[in-house]
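A.B. asks: need a structure here:
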Amino acid sequence: MPYSIYIAAILSLLLITLSLNVSRLRMRHQVAFGDGGKADLTKAVRAHGNSLEQSVLFIVLLFLGETTGQLSPALTAALGFAFIMLRLLYCVGLFARILLLRQASHGLTMLVLLVLSLLLLIPH
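C.D. replies: Predicted coordinates:
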């Protein structure tokens, strides 16, 4: 079975957790839409939204690269592991208000996506 399927499942668990956190905070603050001006809800919405935005693109590219044979299993696993760790660090940085960690993890996430994209453009 392709490694990218496991990576997608792990990212799905992260996204489910982040989504449940948004729901929990909306119930606590009695906010049906948006963030209601609540700082903790704003952070939760952004953590979920940003992770979702990045994860969808990443997993599609990773799966396509792996199943077409453009990425080896080892490279697929390495890119997947790096991406998952960077998404977790982004969330930690956001919730703990560590701006440098959040910025660095986001920048490195973009780097992983860039490397993956370029690898897929190289003919094999």
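A.B. asks: CA only for contacts and neighbour counts going forward, please
C.D. replies: Will do.
A.B. asks: got the buried residues for the helix or strand hosting residue 40?
C.D. replies: Here residue 40 sits within helix 39-67, counting by DSSP states H and E. Buried residues in helix 39-67, counted by 16 or more other Cα atoms under 10 Å: 41, 43-48, 51-52, 54-55, 58-59, 61-63, 65-66.
A.B. asks: Skipping adjacent residues, who's closest to the residue nearest the centre of the chain in space?
C.D. replies: Residue closest to the mean C-alpha point of the chain, counted by Cα atoms, centre = their mean, is residue 51 at 3.7 Å. Residue nearest to residue 51 in three dimensions, not counting chain neighbours: residue 87, with 6.5 Å by Cα to Cα, 6 or more residues apart in numbering.
A.B. asks: Any idea how many residues pack against the one you found?
C.D. replies: 25 (other Cα atoms under 10 Å).
A.B. asks: From residue 17, how far out is it?
C.D. replies: Distance, residue 87 to residue 17, by Cα to Cα, to the nearest Å: 13 Å.
A.B. asks: I am finished for the moment; much appreciated.
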